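Build the 3D model from these lines:
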Amino acid sequence: MVGKVILIISPESWGKLYVSKHHYALCLAERNQVYFLNPPGNLIKITETVKNLKVIDYKPMFKGIRFLPSALQAYLTKQQILRLEKRVQAKFDVVWNFDSSRFFNLKSLINKFRIAHIVDLNQNIMRGTLASTSDLCLGVTNGICEQLKKFNPNTHLINHGYHISRSKTLNKVKLPGRNNIKALLLGNLSRFSIDWKILNQVVKNSPNVDFVFIGPAGKSNLGPNEMSSQNYLSKTEGNNVHFTGAVNSEEIHQWLEQADILLISFKEDFHEQQTNSHKLMQYFGAGKVVVATYTADFKDRPELILMSENNSAFPELFNQVLNKIDYHNSKEYITARKNFALDNTYQKQIERIAKLIDTL
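Numbering: from 1, shown residues only. Next up is the predicted model:
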């Protein structure tokens, strides 16, 4: 993965907030020319962000491709790729697709290396076609990989990546609130999948803890507003609840480091989709104890994360951790969590992917 021209197809737009697709793009751009393709829209433009990384806004040439015969899907996809190449005046060596709902039939792109990379379980529109027409399939959970293997045996598990902040000029972060213990939840706070009911119960049970919620509470480049902020802000009571809004990706690590407990809370209906959350690597990198609703891929790793089997048991689990916070944040546990994150940096994940490509 050196000196290549790479097209990354992302279900989330480029913006102030970064998830895995953005971090992969930034890391790959250190040694390659990367083009980051936003979701379709009405604008057609190319924007340079950092060195070797350009963002493409485009208007699709064709709609409803998934309802067409396979051969026609492949032909029209190739025509769209050729059009993008003409616009950026470059030939793509690698097409790296994180979005199974677009550019899913890559069969005609025989002169390019094709990667299907599924990091979200809900990215399941035309997933089979994308997998079967790719040279390499990657998944972040065992469940995703098992599904992809049905269509392409060349499927491999690559965990979520850990982003290490590159900034050297950041100010020291001080978490809001007057209590000594801080519990923090990071994420897109407008997502319908968050279990605010159980979080509200925890907040009420722990007036001696400051609860800090970091992330957008409305529409952002990570997606539309799924839930009005008023729907959950009104449920949290007391002076120990603090919403900071979105925080720059380069600053997140400092916020997490200042917390004592890091939270994951998804409704039970979403446990199957949330077997391995993107935020976990950033949590592990901070080293502090993670209290979560059921997260299947880590059910046998209590040194990394503590979870409740059912959401009804989540408040009691939080209370148990709170009463033994020094034990759970001992040097031994903090080191184990940080080491796990450092073994899964985006650079190391790219090195693992490059080795898989070499075998082909």
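
hey, where'd the helices end up in the protein?
When assigned using DSSP state H, the helices of the chain occupy the ranges 20-28, 70-88, 127-132, 142-149, 196-205, 230-233, 252-257, 279-286, 314-323, 325-328, 331-342, 346-359.

Out of those helices, which gets the lowest mean score?
Of all the helices of the chain, helix 230-233 carries the lowest average pLDDT, namely a mean of 50.

follow-up on the earlier one: closest one to residue 300 among the helices of the chain?
Among the helices of the chain, helix 142-149 comes nearest to residue 300, with 11.9 Å by C-beta to C-beta. To be clear about C-beta, it is placed using only N, CA and C from the backbone, and glycine gets the same treatment.

Touching that closest one from outside, list them.
In this structure, residues lying in contact with helix 142-149 by C-beta atoms under 8 Å, 6 or more residues apart in numbering are 116, 118, 121, 127, 131, 137, 139, 155-157, 272, 275, 296-297.

If we only consider the residues you listed, which is nearest to residue 258?
Of all the contacts of helix 142-149, residue 297 has the smallest distance to residue 258: 27.0 Å, by C-beta to C-beta.

show me the contacts for the residue nearest to the closest one when sequence neighbours are not counted.
Using C-beta to C-beta, 6 or more residues apart in numbering and skipping the chain neighbours, the partner closest in space to residue 297 is residue 276 (4.2 Å). For residue 276, the contacting residues are 140-141, 159-160, 295-298, by C-beta under 8 Å, 6+ apart.

For ChimeraX, write the select line for the buried members of those residues.
Per 16 or more other C-beta atoms under 10 Å, the buried members of these correspond to this ChimeraX selection:
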select :140,141,159,160,295,297,298
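
nearest to residue 185, of the contacts of residue 276?
Each of the contacts of residue 276 was scored against residue 185 by C-beta to C-beta, and residue 295 proved nearest at 13.9 Å.

Now the closest one: closest residue in space, sequence neighbours ignored.
The spatially closest residue to residue 295, leaving aside those adjacent along the chain, is residue 307, at 5.3 Å (C-beta to C-beta, 6+ apart).

Correct me if wrong: the one you found contacts residue 299.
Yes - using C-beta atoms under 8 Å, residue 307 is in contact with residue 299, at 6.9 Å.

And these two? Which one has more around it.
Comparing residue 307 with residue 299 by other C-beta atoms under 10 Å, the one with more neighbours is residue 307, at 20 against 12.

Bridged to that one, which residues?
Applying DSSP bridges to residue 307 gives these bridge partners: residue 292.

contacting residues for it?
With contacts taken as C-beta under 8 Å, 6+ apart, residue 307 has the following neighbours: 291-295, 298-299, 317.

Those into JSON lines, with extra columns for distance to residue 204?
JSON lines is the format used below for those (distance: C-beta to C-beta, whole Å):
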{"residue": "291", "distance to residue 204": "16"}
{"residue": "292", "distance to residue 204": "20"}
{"residue": "293", "distance to residue 204": "18"}
{"residue": "294", "distance to residue 204": "22"}
{"residue": "295", "distance to residue 204": "24"}
{"residue": "298", "distance to residue 204": "28"}
{"residue": "299", "distance to residue 204": "28"}
{"residue": "317", "distance to residue 204": "16"}
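
and which of those residues is nearest to residue 80?
Looking at those and their distance to residue 80, the nearest is residue 295, at 37.2 Å (C-beta to C-beta).

which one is residue 246 nearest to, not counting chain neighbours?
Distances taken as C-beta to C-beta, 6+ apart place residue 216 nearest to residue 246, at 4.6 Å, with adjacent residues excluded.

and that neighbour, how far is that from residue 53?
Going from residue 216 to residue 53 by C-beta to C-beta, to the nearest Å gives 23 Å.

Then residue 269?
As it turns out, when the distance is counted by C-beta to C-beta, residue 269 lies 37 Å from residue 53.
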